[in-house]
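> Kindly generate the corresponding structure for this input.
(2 chains)
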Amino acid sequence: MINQSKIAEIFDEVIASPENRLLEQDIDEGKIPIGYTCSYVPEVLLSVDRLVPVRMRAPGIAGTEIADNYLSSVICSYTRSILEFALDDRYDFLRGWVFAASCDHMRRLYDNLVYIKKPAFAHILDVPHKINEAGLAWYTDEIQDLADRLSKQFEADMSDAAVSAAIRERNDFTALLSSIHELRKIDPPPITGTEFHRILTAAQVSPMHMIIPHIRETLDELRQREGGSYRARLMMVGGELDDPEYIKVVESQGGVVVADRFCTGSIPGLEPIEMKGDPIRTIAEHTFKKTICPRMMADFESRVQAIIDVFRDYRVDGVIIEFVKFCDIWGVESSPLVSAIRDAGIPVLKLEREYRLSGEGQIRTRVQAFLESMGK
Amino acid sequence: MKIRDRYIFAKFWILSYLRIALMGLRHGPFNMVRELIRYPWLRHLLKVAGLMGRLATGRTGAFLEAVCMIQYSVVCSIADILTDIFTYNDRLIINEDMVPPEIARAMGLKTWNAEVLGILLPMLDQRAMEEYIDASENEGIPPDICSLPKSTMGLTLRGEMPPALAIVTSNLPCDGGMTSYALMERELKVPVYRLDVPFNFYSKRAEEYFANDLREMIAWLEKNTPGRMDWDRLREICEERNRMTEYELELWEMLRTKPAPLAAEAVYLGHLWHFNMSGGVKESTGVFRRLVELAQNNLERNIPAVKNEKYRAVLWNPPFLHFLEIFNWIERTYGVTLIIDSMTYNRVPMIDTSTPDTMLRGLGTMIMQGPMARHTRGPAENYLDDIFRLYKHFDLDMVWVAGHVGCKNTAALNGVLREKCRAAGIPLLILEYDLSDPRIVTHEGMISQIEYFMDNVMKAEKFE
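Numbers count the residues shown, from 1 in each chain, chains lettered A, B, ... in the order given. Modelled structure (predicted):
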């Protein structure tokens, strides 16, 4: 049996605050941390040359009183939490911010941040709402524009060779993470959903080269490990979920999360980037492919199919759709999504939650009831 | 009420019911009963007299005539649209409210604006949408979603949408509205075309991107419906719409005069209906021609629309659908006159009709940069700058924001707006309410907010 506390120790430390030990060390060595808020921001571009991508989180946020004054209390608490942390100087270590105009709430986060505390570098990507040739061309231009701005601001080498090198490095990294992810298909899985997401979250907020040794070590240990008993194999679907403690609450009732399909998750987030000529266009294509979000207007059926496919591949017993309260796109889409998944004969539970871990008792009760409804 | 005012009111009252009766007679009484069963919301249309009475209260002369005429024009327009949905099932499409119907009409198609009932019915009966909002929430749509898409989804879930061949929608005006079409597509089981307005739409690149999207939409409609594009017909429609716009610009110019010759519904309701529902229709142009005449008449005789105009206001965000008479009340109580609003004010109103390409670019620009569209999409300055521009242009005294609780993307700018208004010394009222659901904030609650603002910020005294 693997030393569980070791996994918790290494990765828990890294994800406990926005500026972690590994990041600090990298910054001291001259690296340039760039924060980003959405999966439509291509993190691979933020890892070119001396740049380091940092997925924006607000771990341990206690309240959003100041942010509420600007953003109101009726928008998603992820965006409010990020603004609160920014106003609390918790992100002052970042040299730049990159946003995507992916949803109303994210756009207004950008607007308010730029108004209240203008960062030295803030950029918002204009992401089309349709995946077709015109949308891809538009998005490619957007990414090229971002690359040019990053190059100008930070003197980063954004040549084709440098971007291609970053793609190769990123592919090696995601291949390593996928090796761990693949273990979840085993029955019983040697790794819980909580443990996996600790690793994955740490990977999104740490310099790649510094977290890789820890992930390798963990993979070696996991290969020796045998899975324990469980009540049901679960899949989690939704938007931003960057706190593994939520998954721990879900798993506390005896289920094990073996698959995920959310913004900060592994399916299809860990897919390799397929190099096809122009690296910028390659990144645009990949980002469209690896991000399955209801903000893409015309792809409802393919989103349903993606869930059904994962359900089968990972031998899942039930699907939990989770999203942060006040999220318009997930809030509306979840209704037909639940119907469509049920129509496919798949048990499904819809959980509306806050960004900050709260309401654990209610979540436990609902998951417990869900497991029982499946006869588990 | 003066005798002439009584005559004007009675005339439009009678004409409205005659128009409804004529529609019923043409369609046949038996068929109308069948339609009433099929579309239970039709019963609310008979309440138009109530709205007319509420909006007429306290208004006189040309202002009263303008308000009554616009309501009558809406009755005529909705009667025409209903006749279309009763008669032309073979060429009916559903269009989202931010996608103007000009192109489809030029293709010989009939259109049903999916959101029209969510906008119109609360005006006629403040509680009309509650059952549809509840239907939507019972299906799992979160209560915090905007009540307009909830109303539209509720109508769809209850099977009260007209049967259409196809749907044309867009990513406007907000995420809730945009995503609601996933549910509608699944329920109605018809093909959907979705227009995509970029985030940064003030550029040639965006104009080209969106014009191409419109071209693809036309090709898609030709494939999925019997509609065929007639560019000459589109030119006629666009030219007619331009004529209506010219009248509206003339009207706006006159509104700069203090006191204003017309106000409130004469400005926003006319635009809301005719520019979104029937642009390019001769009758709509006639409405604006008459509005200009009425405004000129008042100007020449130095008659204000609102007796004792004391404060001039701009309204940001959609008007209070279930409480339109709030404007009569503030006119009579405090002398607050609504001069202009965000749903009306357009900065790129004309369409170049030289070629099919210029028409598509013009229509595309009109959609992308149209009222509401440009405010809810794109960066914050799209929303904020127009407020201060209008404040100066119309020499206003206060800014009102219709703080619809379901409109999160504008709620998220209230903090910035508050600080900017404070810095500029502009009184700001953010009136919290729900667009279509009076259960969230009652009319009494809305009035209390206004009284608090007028008493404490404006230090105003009531007339009565």
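> what ranges do the helices span in chain A?
A:4-15, A:21-28, A:65-71, A:77-87, A:104-116, A:133-154, A:160-182, A:193-205, A:208-223, A:244-251, A:279-290, A:300-313, A:328-343, A:360-373 (DSSP state H).
> tell me how far the host helix or strand of residue B:275 is from the chain's mean position?
Residue B:275 is part of helix B:265-277, with elements assigned from DSSP states H and E. Helix B:265-277 sits 6 Å away from the centroid of its parent chain (C-alpha atoms, centre = their mean, to the nearest Å).
> Alongside chain A, which residues does the stretch 201-350 of chain B contribute?
B:205, B:209, B:212, B:213 (C-beta under 8 Å from any C-beta of the partner chain). Any C-beta I mention is one placed from the backbone N, CA and C, and that applies to glycine too.
> Mind checking which of those residues are buried?
B:209, B:213 (16 or more other C-beta atoms under 10 Å in any protein chain shown).
> Helices - which of the residues of the stretch 201-350 of chain B next to chain A land there?
Per DSSP H, these map to helices at B:205, B:209, B:212, B:213.
> Now for the third one: which residues touch it?
Right, residue B:212. Residue B:212 makes contacts with residue A:134, as judged by C-beta atoms under 8 Å, 6 or more residues apart in numbering or on different chains.
> tell me, what residue is most central in chain B?
residue B:272 (2.9 Å; C-alpha atoms, centre = their mean).
> so where's the chain shaky on pLDDT?
Going with chain A. Residues of chain A meeting the criterion pLDDT under 70: A:1-8.
> oops, I was thinking of chain B
Along chain B, the model assigns pLDDT under 70 to residues B:464.
> Which parts of it are strands?
Assigned by DSSP state E, the strands in chain B fall at B:92-95, B:110-113, B:166-170, B:192-195, B:311-316, B:336-341, B:398-404, B:428-433.
> Out of the ones you listed, indicate the one that is most buried.
strand B:336-341 (a mean of 26; mean count of other C-beta atoms under 10 Å in any protein chain shown).
> thought residue A:144 was touching residue A:278?
No. Counting by C-beta atoms under 8 Å, residue A:144 sits too far from residue A:278 to count as a contact (9.2 Å).
> Kindly reformat the strands of chain B as a markdown table containing distance to residue A:261.
Shown next, in a markdown table, are those (distance: least, C-beta to C-beta, whole Å):
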| stretch | distance to residue A:261 |
| --- | --- |
| strand B:92-95 | 31 |
| strand B:110-113 | 35 |
| strand B:166-170 | 25 |
| strand B:192-195 | 23 |
| strand B:311-316 | 39 |
| strand B:336-341 | 43 |
| strand B:398-404 | 33 |
| strand B:428-433 | 37 |
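> Between those, which one is closest to residue A:327.
Minimum separation from residue A:327 across the strands of chain B (C-beta to C-beta) falls at strand B:398-404, 17.9 Å.
> what about that closest one and chain A, any contact?
No. Using C-beta under 8 Å from any C-beta, we find that strand B:398-404 stays clear of chain A, coming within 9.2 Å at best.
> so what strands line up beside that strand?
Using DSSP bridges, strand B:398-404 pairs in its sheet with strand B:311-316 (parallel), strand B:428-433 (parallel).
> So what touches it?
Contacts for strand B:398-404 (C-beta under 8 Å, 6+ apart): B:146, B:311-320, B:336, B:338, B:387, B:391, B:410-411, B:414, B:417, B:421, B:426-435, B:458.
> can you list the residues of the stretch 51-200 of chain A near chain B?
Checking the stretch 51-200 of chain A against chain B by C-beta under 8 Å from any C-beta, the hits are A:69-72, A:74-75, A:101, A:103-105, A:107-112, A:115, A:124, A:126-130, A:134-135, A:138, A:141.
> who wins for proximity to residue B:47 among the strands of chain B?
For residue B:47, the closest of the strands of chain B is strand B:110-113, at 19.7 Å, according to C-beta to C-beta.
> Can you name every helix or strand that the closest one contacts?
helix B:61-87, strand B:92-95, helix B:102-106 (3 or more C-beta pairs under 8 Å, 6 or more residues apart in numbering or on different chains; DSSP states H and E).
> which other helices and strands contact the second one?
The one in question is strand B:92-95. Applying 3+ C-beta pairs under 8 Å, 6+ apart, we find strand B:92-95 packed against strand B:110-113, strand B:166-170.
> repeat for the first one
Helix B:61-87 sits against helix B:3-27, helix B:42-45, helix B:48-56, strand B:110-113, helix B:116-124, helix B:265-277, helix B:282-300, with contacts defined as 3+ C-beta pairs under 8 Å, 6+ apart.
> Now for residue A:342, how many residues are close by?
The number of residues packed around residue A:342, counting by other C-beta atoms under 10 Å in any protein chain shown, is 12.
> and the nearest residue to it once chain neighbours are set aside, how far is that from residue A:330?
Ranked by C-beta to C-beta, 6 or more residues apart in numbering or on different chains and with sequence neighbours excluded, the top spatial neighbour of residue A:342 is residue A:348, at 5.9 Å. In this view, residue A:348 and residue A:330 are 14 Å apart by C-beta to C-beta, to the nearest Å.
> who touches both of these two?
Shared contacts of residue A:348 and residue A:330 (C-beta under 8 Å, 6+ apart): residue A:321.
> Mind checking which of these two has more residues around it?
Set residue A:348 next to residue A:330 and count neighbours by other C-beta under 10 Å: residue A:330 wins out with 29 against 21.
> Need the nearest residue in space to the more buried one, chain neighbours excluded.
residue A:323 (3.5 Å).
> hang on, residue A:376 packs against residue A:229?
No. Between residue A:376 and residue A:229 there is no contact under C-beta under 8 Å: 11.7 Å.
> Between the two, which is the more surrounded one?
Ranked by neighbour count (other C-beta under 10 Å), residue A:376 and residue A:229 place residue A:376 first, with 17 against 7.
> for residue 55, what are its contacts?
Assuming you mean chain A. Neighbour list for residue A:55: A:35, A:36, A:37, A:43, A:201, A:204, A:205, A:242, A:264 [criterion: C-beta under 8 Å, 6+ apart].
> meant chain B, my bad for not saying
By C-beta under 8 Å, 6+ apart, the contact set of residue B:55 is B:67, B:68, B:71, B:265, B:324, B:325, B:328.
> and the stretch 1-150 of chain B, which of its residues are near chain A?
So the stretch 1-150 of chain B meets chain A at B:139, B:140, B:141, B:142, B:144, B:145, B:146, B:149 (C-beta under 8 Å from any C-beta).
> tell me the phi and psi of the third one?
For residue B:141, the backbone dihedrals (degrees, to the nearest 10) come out as phi -70, psi 130.
> So it is in contact with residue A:332, correct?
Yes. Contact criterion C-beta under 8 Å: residue B:141 and residue A:332 qualify, at 6.0 Å.
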